[in-house]
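Undergrad: Any chance you could fold what I've pasted below:
(one chain, ligands or ions: 1)
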Amino acid sequence: MNYQPCPDDVRFVLNAVLDATPRLNSLTPFAEVDDALQAQLLDEAGKFVAEVIAPLNRGGDEIGCRFVDGKVIAPPGFRDAYQAFVDGGWPALSAAPEDGGQGLPAVFEAVLFEWLSAANHGLTMAPGLLHGAYECLKHHGSDELKQHYLAKIASGEWLATMCLTEAHAGSDLGQVRTRAAPQADGSLRVAGTKIFISGGEHDLSDNIVHLVLCRLPDAPAGPKGLSLALVPKWLPDGTRNAAHCERIEEKMGLHGSPTCVMRFDDATGWLIGEPHRGLAAMFVMMNAARLHVALQGLGLLDAAWQKADAYARERRQMRAPKPAAAPPGAGPDLIAQHPAIRRILDTQRAWIDGGRVLAYRTAIELDVAKHHPDAARRARAQRWCGLVTPVLKAAFTHQAFHGASECLQVFGGHGYVREWGIEQVVRDARVTMIYEGTNEIQAIDLLARKVLADGGAGLSAVLIGLRDELDASRETDADVQRRLAQLRYLTTTVAMAAQADTVLPYEVADDYLRVVALVLLAWAWARIDVAAAQAGDTGTRWSAPAAAFRRHLLPEFDMRLGMVKRACEDAARAGTA
Ligand SMILES: Cc1cc2nc3c(=O)[nH]c(=O)nc-3n(C[C@H](O)[C@H](O)[C@H](O)COP(=O)(O)OP(=O)(O)OC[C@H]3O[C@@H](n4cnc5c(N)ncnc54)[C@H](O)[C@@H]3O)c2cc1C
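TA: Numbering: from 1, shown residues only. As a prediction, this is how the structure comes out:
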């Protein structure tokens, strides 16, 4: 069974829950966006994903990418599908019209990439970095570089990579050793070896533009000495650059995406941005990529859920003790009727639906941060994106793997064998917890680098904003309000304890991130509840996952809160002993 996008569900979240069109209309570039355009776009994107991308997923996994004579050959059908993706203008969806893009809101691109990842994670890795590379070049590239590369990247005609990792430098990019030597003509000679580079070499596009983190000769040690270079596979004069793939990795999943060891042998490149400011330039790309990976998590979980839900509606075993409302024609012996299976399915649905509210809201805030006329509103949006993005990356990718594994359980032994394809989702999803900054690094980024940097004031402002939104829409959900207040109090407690014990934030970061994720989800579900009631929803489509969220997921909030509080109390006791 291939993944099937469901535009109606997405429309409900965008329109009934998030009021997306009026929000977007308040931004000058999107004043003309209306519900009709949105509907047409979602329908066409859904059709393209279902008909062109999803059918190649199984072959991508089973045949995978091949490395032959220094070249990488994509799985059957990938090259044509990617060409159709480019021809359809899909890579350029949210790029600016002056760069050849369609100038549409980021949230439409977010939906598209969620669906693409759900349908075919391996193939979607190829264009996954395009938008980040485009933004990075647009904001930090020289006019000459922009003139030569920007439109090709915006259109997807040339694909891009992000070359950060080296054998000894993974999470700690300050250890990067790749060298860049300035030349008299203003170019650089780039030398070093990068590992784990997604799409470092392939036959999907005629050229590949590598963005390489490197060090100039006079660079200070550590992260403050990193620069960013653009190194194309083919140089503007048509000669082959000295950027070569040494091998591709054999890996657990994601066989449709080549993970390359890349050797730069004094390859020709050009500086992007200022010397030693490479990380700042790269962060533009990494932030976009982190939301993108969060969307991969949601998509993969939805793919797993679709398979498990369909299977549970057909598989008959012993009669359920108290059959739930049965689908038409179903008997009480369907496993979908068993409470244990319903719990698995409904809790994953709770993550996906609530997760969509948060991910799409973040994509809207990205545009607000760029285009809103009021500087204070732009700053608020920026704060939301900075604080919420690491939470979504870590929480959704964690759930993608663990939730997909739960969905595999729905198949019993049939899930463990290849036939139904659910085991592929589990294998593919695992890496999302690792790349784009491991989930442990996301938690530290959230608590140690962001929340505590201003004593919790920024997060508190976000939480107060959420409270006010609930108040304004008269969604008097006292339980959510209480939890928002509890998180604010917890943040103050951690900030005070961290003054005496500087290690504490690193110890509690993962639990703290879960607390934030669950309170955000609780807020999202409060919004969904109201929207479903206003839409006159009387079925179980929204109420069943809402109930599962409150019964099976939300109690984790209290547990994690208790764990962080306990660590703070221990730290205080140790300080006074
Ligand atoms: C399939 C795949 C595709 C990839 N694609 C790319 C790509 O396109 N470009 C690219 O540059 N890289 C890519 N990567 C590399 C990926 O980003 C790194 O693997 C990741 O950043 C982790 O680095 P590492 O593997 O060296 O692990 P390490 O950094 O060695 O980490 C090992 C463990 O220690 C933990 N850890 C490390 N430091 C800390 C800390 N300070 N606090 C708490 N815990 C810590 C980590 O969370 C992890 O659990 C890819 C990797 C894979 C597997």
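Undergrad: Tell me how far the residue in the chain positioned nearest to the ligand lies from residue 36.
TA: Going by C-beta to the nearest ligand atom, the ligand is nearest to residue 170 of the chain, at 1.7 Å. Using the backbone N, CA and C atoms, a C-beta is placed for each residue, glycine as well. Residue 170 is 47 Å from residue 36, where distance means C-beta to C-beta, to the nearest Å.
Undergrad: Comparing those two, which shows the higher neighbour count?
TA: Neighbours were counted for residue 170 and for residue 36 using other C-beta atoms under 10 Å; residue 170 has more, 17 against 9.
Undergrad: For that one, give me its contacts.
TA: Neighbouring residues of residue 170 by C-beta atoms under 8 Å, 6 or more residues apart in numbering: there are none.
Undergrad: Same question for the one 4 residues further on.
TA: Residue 174 makes contacts with 221, 222, 223, 226, as judged by C-beta under 8 Å, 6+ apart.
Undergrad: mind redoing it with 6 Å?
TA: Applying C-beta atoms under 6 Å, 6 or more residues apart in numbering to residue 174 gives the contacts 222, 223.
Undergrad: Give me every residue in this structure lying close to the ligand.
TA: Within reach of the ligand by C-beta under 6 Å from any ligand atom, the chain has these residues: 162-165, 170-171, 196-198, 251, 254, 259, 431, 434-435, 438, 440-441, 444.
Undergrad: Identify those among those residues that sit within strands.
TA: Mapping the residues of the chain next to the ligand onto strands (DSSP state E) picks out 162, 163, 196, 197, 198, 259.
Undergrad: Now do stretch 477-488, average pLDDT.
TA: Throughout stretch 477-488, pLDDT has a mean value of 94.
Undergrad: and if you look at stretch 91-110?
TA: Mean pLDDT, stretch 91-110: 95.
Undergrad: quick one: contacts of that stretch?
TA: Under the contact criterion C-beta under 6 Å, 6+ apart, stretch 91-110 has outside partners 24, 29-30, 41, 127, 130, 134, 150-151, 154-156, 295, 360, 363-364, 366-367.
Undergrad: how about that stretch: buried residues?
TA: For stretch 91-110, burial by neighbour count (16 or more other C-beta atoms under 10 Å) applies to 91-95, 99-110.
Undergrad: How about stretch 363-375?
TA: By 16+ other C-beta under 10 Å, the buried positions in stretch 363-375 come out as 363, 364, 365, 366, 367, 368, 369, 371, 372.
Undergrad: Wait, the last one touches residue 378, no?
TA: Looking back up the chat, that one is residue 372. Yes: using C-beta atoms under 6 Å, residue 372 makes contact with residue 378 at a distance of 4.9 Å.
Undergrad: Could you check how far stretch 390-403 is from the centre of its chain?
TA: Its chain's average C-alpha position is 9 Å from that of stretch 390-403, according to C-alpha atoms, centre = their mean, to the nearest Å.
Undergrad: Now that stretch - C-alpha only, CSV.
TA: Output of stretch 390-403 as CSV, limited to C-alpha atoms (Å, rounded to 0.1, in the frame of the first residue of the first chain):
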residue,chain,number,x,y,z
PRO,A,390,14.2,22.2,18.1
VAL,A,391,11.2,21.0,20.1
LEU,A,392,9.4,19.8,16.9
LYS,A,393,12.6,18.3,15.4
ALA,A,394,13.3,16.2,18.5
ALA,A,395,9.7,15.3,19.5
PHE,A,396,8.4,14.4,16.0
THR,A,397,11.4,12.4,14.9
HIS,A,398,11.4,10.5,18.3
GLN,A,399,7.7,9.7,17.7
ALA,A,400,8.3,8.8,14.0
PHE,A,401,10.6,5.9,15.0
HIS,A,402,8.8,4.8,18.2
GLY,A,403,5.3,5.3,16.8
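Undergrad: can you pull out the helices in the stretch 301-450 of the chain?
TA: Remark: helices assigned in the stretch 301-450 of the chain by DSSP state H, counting those that start in this stretch are 339-371, 375-410, 413-416, 422-430, 439-444.
Undergrad: and the end-to-end length of stretch 84-101?
TA: 16 Å (C-alpha to C-alpha, to the nearest Å).
Undergrad: Oh, that last question was meant for stretch 413-430, not what I typed.
TA: End residues of stretch 413-430 are separated by 20 Å (C-alpha to C-alpha).
Undergrad: which other residues reach it?
TA: With contact meaning C-beta under 6 Å, 6+ apart, stretch 413-430 is reached by 61, 121, 252-254, 300, 303-304, 307, 400-401, 404-405, 408, 411.
Undergrad: Most neighbours among those residues, which one is it?
TA: Within the contacts of stretch 413-430, residue 400 tops the neighbour count with 34 neighbours, counted by other C-beta under 10 Å.
Undergrad: where's it relative to residue 247, distance?
TA: Separation of residue 400 from residue 247 (C-beta to C-beta) stands at 28 Å.
Undergrad: just for this structure, where's the confidence low?
TA: 284, 322-331, 473-476, 577 (pLDDT under 70).
Undergrad: And it, split by domain according to the record?
TA: 7-137, 158-276, 439-577 (automatic domain parsing).
Undergrad: Format these as CSV; extra columns: distance to residue 356.
TA: Shown next, in CSV, are those (distance: least, C-beta to C-beta, whole Å):
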stretch, distance to residue 356
domain 7-137, 5
domain 158-276, 23
domain 439-577, 8
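Undergrad: Buried ones in the helix or strand harbouring residue 469, by neighbour count?
TA: Under the criterion of DSSP states H and E, residue 469 resides in helix 457-472. Across helix 457-472, burial judged by 16+ other C-beta under 10 Å covers 458, 459, 460, 461, 462, 463, 466, 467, 470.
Undergrad: got those as TSV, with distance to residue 427 columns?
TA: Below are those laid out as TSV (distance: C-beta to C-beta, whole Å):
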residue	distance to residue 427
458	37
459	35
460	40
461	40
462	35
463	37
466	36
467	41
470	40
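Undergrad: Nearest to residue 85 among these?
TA: Minimum separation from residue 85 among the buried residues of helix 457-472 (C-beta to C-beta) is found for residue 462, which lies at 35.2 Å.
Undergrad: Just give me the neighbour total for residue 27.
TA: Neighbour count of residue 27, defined by other C-beta under 10 Å: 17.
Undergrad: Which residues are in contact with it?
TA: By C-beta under 6 Å, 6+ apart, the contact list for residue 27 reads 367, 371.
Undergrad: With residue 150 instead?
TA: 99, 137.
Undergrad: what about 7 Å?
TA: By C-beta atoms under 7 Å, 6 or more residues apart in numbering, the contact set of residue 150 is 99, 134, 137, 138.
Undergrad: Dump the residues you listed into CSV; add distance to residue 66 and secondary structure as well.
TA: As requested, the contacts of residue 150 are exported to CSV (distance: C-beta to C-beta, whole Å; DSSP: H, G, I helix; E, B strand; the rest coil):
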residue, distance to residue 66, secondary structure
99, 34, helix
134, 29, helix
137, 31, helix
138, 35, helix
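Undergrad: what about the strands in the chain?
TA: Counting by DSSP E, the strands of the chain are 66-68, 71-73, 159-163, 179-182, 188-198, 208-214, 227-232, 243-248, 259-272.
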